[in-house]
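S.K.: Got a predicted model here, sequence first, then my questions.
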Protein chains: 2
Amino acid sequence: MPPTTGLFSASLCRRLFNQSHFIRHRRRLHSEIEYPLNHPIYTIWASNTSLGKTLVSAGLSMSFLSSSAQLARKRFLYLKPIQTGFPDDSDSRFVYRKFSEFFAFKPLPFSVYASNCVFKASIPAANQVLGNGIPGCSARNEDFGVEVAKKGGSVGGGLENVLWYEERKLQGSESNETELFPVSEVVCKTMYGWNEAVSPHLAAEREEAIVMDSEVLDMLKRCLGNGVVGTSCGTEEEIMCVIETAGGVASPGPSGSLQCDLYRRPFRLPAILVGDGRLGGISGTISAYESLKLRGYDVAAVIFEDNGLMNEVPLSSYFRNRVPVLVLPSIPKDISDDLISWFDKSQTVFTSLKEIMLSAFLERTQRLLDMPKKACDVFWWPFTQHKLVPEEKVTVIDSRCGENFAVHKSFDWISQQFDACASWWTQGPDATLQIELARDMGYTAARYGHVMFPENVYEPALELAELLLEGWASRVYFSDNGSTAVEIALKMAFRKFLSDSKVLLDLVNADMNGRSMDLKVLALRGSYHGDTLGAMEAQAPSPYTGFLQQPWYRGRGLFLDPPTVSMYDGTWEVRLPEKMQFEKSGDGCLSFSSRDEIFEMSRDSSGLADLYTSFILQELMLLSDSNGLSHIGALIIEPGKNAFGAGGMEMIDPLYQHVLVKECKRRKIPVIFDEVFTGFWRLGRESAAEMLHCQPDIACYAKLMTGGIIPLAATLASDAVFEAFTGDSKLKALLHGHSYSAHAMGCAAAAKSVKWFKDCKTNINLMSESRLLQELWDAELVAQISILPAVHRVVALGTLCAIELLAEGSNAGYASTYASALLKKLREDGIYMRPLGNVIYLMCGPCTSPDTCRSLLEKVHARIHEFGQQEDKSVLPLHREY
Amino acid sequence: MPPTTGLFSASLCRRLFNQSHFIRHRRRLHSEIEYPLNHPIYTIWASNTSLGKTLVSAGLSMSFLSSSAQLARKRFLYLKPIQTGFPDDSDSRFVYRKFSEFFAFKPLPFSVYASNCVFKASIPAANQVLGNGIPGCSARNEDFGVEVAKKGGSVGGGLENVLWYEERKLQGSESNETELFPVSEVVCKTMYGWNEAVSPHLAAEREEAIVMDSEVLDMLKRCLGNGVVGTSCGTEEEIMCVIETAGGVASPGPSGSLQCDLYRRPFRLPAILVGDGRLGGISGTISAYESLKLRGYDVAAVIFEDNGLMNEVPLSSYFRNRVPVLVLPSIPKDISDDLISWFDKSQTVFTSLKEIMLSAFLERTQRLLDMPKKACDVFWWPFTQHKLVPEEKVTVIDSRCGENFAVHKSFDWISQQFDACASWWTQGPDATLQIELARDMGYTAARYGHVMFPENVYEPALELAELLLEGWASRVYFSDNGSTAVEIALKMAFRKFLSDSKVLLDLVNADMNGRSMDLKVLALRGSYHGDTLGAMEAQAPSPYTGFLQQPWYRGRGLFLDPPTVSMYDGTWEVRLPEKMQFEKSGDGCLSFSSRDEIFEMSRDSSGLADLYTSFILQELMLLSDSNGLSHIGALIIEPGKNAFGAGGMEMIDPLYQHVLVKECKRRKIPVIFDEVFTGFWRLGRESAAEMLHCQPDIACYAKLMTGGIIPLAATLASDAVFEAFTGDSKLKALLHGHSYSAHAMGCAAAAKSVKWFKDCKTNINLMSESRLLQELWDAELVAQISILPAVHRVVALGTLCAIELLAEGSNAGYASTYASALLKKLREDGIYMRPLGNVIYLMCGPCTSPDTCRSLLEKVHARIHEFGQQEDKSVLPLHREY
């Protein structure tokens, strides 16, 4: 079997690693492709070193190639990203050679091109390859007809390009000379090699050749992409790819990250776990399995070498038969054994394993394909007009990793999208915090599940309460979501208000129904505090409050129009509401040289402060004049912002809110800060209330409090508020509660996240002294966006950057689908955004890097620019776009 | 050093294993004691076999005994519950001997009694001991002055009593002949031995000597209790106890249960993990740690043998320095080495480990002691009058395992209490499901965290929706708790009602405010549907709805008085409300021969059905007469029950609810079943609606849906209801939502639990054909309780057994503290109950065994009997009892 040199050159050109080529090719296909889903890709893990991962990979190559469907061309791709002990040890060479040897022992009817290549290595490892070749190869060249191509070259960071390539054609028993192309292929690749036979992190450190996780993942992505790109030649083709890890599941990779964490981002490829059949192996196998599960991996099968201990029995019992457990014949211990007869004996097991892998793959892809239709059939999505969401607009989310979704595309790719709506403003964790939270959730569920809260105490609830009470508040009332937290806050405020006024309290006590008294809440027009009826009553009439939405809504508030803050055409402005403009000379727009100037304390003594005060007093007077039965029992505001103003995501002038709070406090009207949205660094400070330079009596938190993984809400109160509920009778207590009050998992997640975000060691965005996040949104880019013709205004603050598009008529407002076409493009760019009518926004986590934010902004800038240049916007499909 | 025979006999008597003695002694102390907390008890785990657990135990014994505080008497207790390879291998003998040898090498100033004993062994192992003694002992007798006591005797199940005992006095270097008692002790115990050196499950099986988990735990409890009981002699004393496991953390115990699961129930003792310093050891150590965390264990330190690979660096980085990592000198590989010089060299490490263990122990106990006060200072418990909950009434919950809490008692015990209030009716999982859920929660948090729901789909949400829609419903709307689920249901029902009546819809559309129309809900007096304002409006006026509780409450319902069902003095009765009694001859009490007779379909055609119908029609007529603007827009009922009736936990006559639904359906009034409490087997059927033989248009679920570990709610709707919200405009959609809609962890927990409870393989209470739980509450005992003089009525159905105590005046009703003294006694019996005024109840999970329920009922019977016999109840402290 001599090497077929002509073909070899062609295939070498085609297949040799060429970074720029792959990148260009991929870009043309899709800019954010992560990995293909048109063929199975599995990661081979093991519960310890030396349990036979490579034997399993080699066995799979044999059984995959020899599967019965012979019409299709077959391609088996073996990847070894991290190889230590190289070149003495080379698992890709082992797979390549064992496949070839086995082919010689049991030829297949068709020919196979087998190849092995190595991309990069540390200098000691590369020197050895370039000096002596890969051990065993030169000696075996003639036996196996191997051609060798070598080329060195430093790539920096202590690594060299080692473009080692070896290939041979294995002549099929029924193939003949007329075949023009190799029918099938076994392609083996080593990505990185280090010389010392120790853990990769140690080898990388000792050989001064450290590779960052992102580099490993980039190359892996390219190798995987290549698995598809290189073969789109129209022929029917079956592909299987396995990626073999190094050592055990939690062995560190070259950067020191655990491999189970490294490959989690963002691949989360399905796993095969090579277990341990020895004494103690049950434990090791189960623990390794649990480490994989704790990182969100799906394990398709467990396989291990028989040691006569029947470890499969307890393992199957542990798995409740949901994960198949396969047992391989005992491996010959004689190192001179070439293992060919062992492979032969093991073929039935490998064939079963291959079948399991193929059917799990098919099941998964079929399910992913079916999910949109099923979702449209069974879900009733909140805030969604189902008629406007046809099946093809549904996004299938396969997983999330930190700030990113992995979404399934109908054309068989799993692709990454930045969750720029922060999944309804809940998200914050980076990938590291997410995995820490996952372990904590497992621990907390095992330790507590959920336990009764009233009259009891347990660690997570106490720890969280202590954290939340580091500021002004002295009591924590737990509930499940922002809406319930607000209802509780209102109940607290009203009681406090009545307690403070003996006259009113006597009135109520005289008429226990109290129905003649009308307690109102003071709130800002355009504010939003939740969807349960009590919270809705604190909201001015809006599309949400119509009779057909909530027939019981009355709107029990006095609603004020606040002045707002935004950047218009590169300048930060405070814009006054209409009524105030009448008083103020000019057009009611006040310009500021910077955003931060707007937050300055000194504005307290400005003329604008007086104007705000007089307007507020005027409104309050109007109410108290109307009749003697109406009273303002509470003020509720969202510090710094209004969620669903006419334009959505509006920022309120902090001076106005400051004045409002001051006037209410003067009148003993309890003040509620609704920090459900704004709390926990959302607006750049742990509590947005810090921007107002004043403290509330009551405050509500939810959403990001738990790091965004689980619902939990807290209503904080001052001691004076709490005292309004103490007495001798239970009937005086606050008789409100939810079953999962202070549930342990929510409290544990919150305690962890609250600490994580405010610790400089874990949150690199934190500016150590100032209790502020660094600026995440590039000021220059924000200004550039604000001057785009299609843009009305921009607000960038903390983790939020909101952009109101210039729109008129039905294109404006909540029900508008004006932004749909724009957002569709941005999803293609890998950014998952959702509109609020004609307002779009980017939201990141407190730990998201400014680089990531810049890249998001750049894409948004480009797309809005493009959007603005479309000649006739009216022809855009405004409706039925997701 | 000759054996001191006289003392030896005394100590033998005192310390030899004597089951009945310990049990009696413990009973006298406290009936439900689990383990003492007045000294540290640690479990020694390892990430694999043969990593040196026993060396660590022995090293600890040495450093504990030689700690500087020499005034106190010291006692080191070493327990080896499971020993295989016995008697050739005996870890307790190893610790005993190495301690003695080390003492000889480096004597302490005071004398020490060292002992080793073995309790039970399989027949092959026992025969070997009884035939030849423990290997090495006879040969070494003279060297070590060992006395040996042996006594065999079968204890059944393939086990024999092997009362092997060896002891010696180690003379202190500064001690003299006048000391009367041994100053300190090292006590080593092996609980069970098997002969083969394989995994315990295999040895137990092969030697036909299987021990159930409960037996192992019972003996362990006794051994631990003995650690305290045997030493309460007034002397100041320092105790440390270590329990050494067998093999790796997840190695099976003798019954096949994994040891990490076995010891979890209910001990959850703090752990020391012996890690692996070899190649691959980082991974194994981390995975083992994660398996322990996934079962709720706290790991105080990781320790391993140095192999020159610096495994401590990546391990410390993984632990973020929160878990100390200690490294032991390399262990001599020469098997003839007696290790004494290694122990000597390792003493500084063992001393650090001991210090870590002591300080972690002190920190934990101090925190447990501080928690009640802190809780009283920072929490605002729901439904709680804080003035009635002084610090000493606060329960510290250290953990839960299945249906049981582990609570901290101020007198330094961790004690088990059955969670008979099911933590506000949320709980269901047994210990096995809890651990499965914990792993699933870790997996789901790692895979998804939480992701955006609207317009998206992901597996856990889809899987749960498909499960929930197996019945009549066709759409699922997710929210966070029962209260929000009800608000959503009401919004759905009202829209459906208006859509069905073109006249009304036109009226609303003409007057978009629609404020002239008054939509009411039809509900039952005494019903409860949640604490948010919308849900409260569907509730008749009650202590919860007063102006001081919720000034905005109006009560927008037409509230009917339903007939109720209970057992009175041994007989099941339906009792009619007052108004109906007038119509019906007799006293309005209808007796039934059995409870099940009340559920029979045939009652549909009874005269009572006609009476119900006419009463319902009459009430509806009254409303429609009053004015043309009021309409009933929805019916809401809890199938089978009313939560907070005057007496609490009342059962409604299912016939009445059936008739009510029929009449509403006839009038196109949408029917809502509030199954928040009654769903998922709470009342013995998956859906309590099955008892009513009819289907709703809308249904609400929460609480037990997730297995009780995490909040999630679902509102189910028929397709006709869903259609009332579809149209071309988003404004027609149901504009209600919560941030964590369909959060992945909640959906995953629910999908798991829903399947678990309805699967005969996992829920042994399920009667295979009938979709019913078997009777959990012994009918005879229930009847006996109902005839107690102190009892007014009893309802036992499904997982609930409610008992209304006979009470009058202020002793009755919600604010009553009448039952407090009774419940205090029951907590001492290990049952954690909470009263609803003068109603008390037991609630178990769908998988709780009838044996457990019987034992609960027996204790309740005894305590109520006692309670009823107190001569003058008025002298009971009615107030300020928790």
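M.R.: It's in. Numbers count the residues shown, from 1 in each chain, chains lettered A, B, ... in the order given.
S.K.: Next, residue A:82: secondary structure please.
M.R.: strand (DSSP: H, G, I helix; E, B strand; the rest coil).
S.K.: Show me which residues of the stretch 51-200 of chain A are close to chain B?
M.R.: A:198, A:199 (C-beta under 8 Å from any C-beta of the partner chain). Yep, even glycine has a C-beta here, placed from its N, CA and C like the rest.
S.K.: repeat for the stretch 651-800 of chain A
M.R.: Residues of the stretch 651-800 of chain A lying near chain B (C-beta under 8 Å from any C-beta): A:702-703, A:707-711, A:717, A:722, A:725-743, A:745-746.
S.K.: Any of these buried? List them.
M.R.: A:702-703, A:707-711, A:717, A:722, A:725, A:730-743, A:745-746 (16 or more other C-beta atoms under 10 Å in any protein chain shown).
S.K.: and residue A:759, how many neighbours?
M.R.: 10 (other C-beta atoms under 10 Å in any protein chain shown).
S.K.: Narrow the residues of the stretch 651-800 of chain A next to chain B to those in helices?
M.R.: A:722, A:745, A:746 (DSSP state H).
S.K.: Now the second one: closest residue in space, sequence neighbours ignored.
M.R.: Closest residue to residue A:745 in three dimensions, ignoring its sequence neighbours and counting by C-beta to C-beta, 6 or more residues apart in numbering or on different chains: residue A:444, at 4.8 Å.
S.K.: Is there a neighbour count for residue A:634? I'd like the number.
M.R.: By other C-beta under 10 Å, neighbour count at residue A:634 equals 27.
S.K.: Which residue ranges make up the domains of chain A?
M.R.: A:28-370, A:386-419+A:773-875, A:482-701 (automatic domain parsing).
S.K.: Relative to the whole chain's centre, how far out is the longest one?
M.R.: Which is domain A:28-370. 28 Å (C-alpha atoms, centre = their mean, to the nearest Å).
S.K.: got it, and stretch A:694-711?
M.R.: The answer for stretch A:694-711 is 21 Å, by C-alpha atoms, centre = their mean.
S.K.: mean confidence for it?
M.R.: Throughout stretch A:694-711, pLDDT has a mean value of 96.
S.K.: Start and end of that stretch, how far apart?
M.R.: The first residue of stretch A:694-711 is 28 Å away from its last residue (C-alpha to C-alpha, to the nearest Å).
S.K.: Quick one: closest of the domains of chain A to residue B:488.
M.R.: domain A:482-701 (8.5 Å; C-beta to C-beta).
S.K.: Start and end of the closest one, how far apart?
M.R.: End-to-end distance of domain A:482-701: 7 Å, with C-alpha to C-alpha as the criterion.
S.K.: picking that back up, just put the domains of chain A in CSV and tack on distance to residue B:346.
M.R.: Below are these laid out as CSV (distance: least, C-beta to C-beta, whole Å):
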stretch, distance to residue B:346
domain A:28-370, 23
domain A:386-419+A:773-875, 41
domain A:482-701, 46
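S.K.: out of these, nearest to residue B:383?
M.R.: Using C-beta to C-beta, the nearest of the domains of chain A to residue B:383 is domain A:482-701, at 12.0 Å.
S.K.: which residue packs closest to residue A:766, ignoring adjacent ones?
M.R.: In space, residue A:766 is closest to residue A:760, 5.0 Å off (C-beta to C-beta, 6+ apart).
S.K.: How about residue A:37?
M.R.: Using C-beta to C-beta, 6+ apart, the nearest residue to residue A:37 is residue A:412, at 4.5 Å.
S.K.: Sweet, I'm off.
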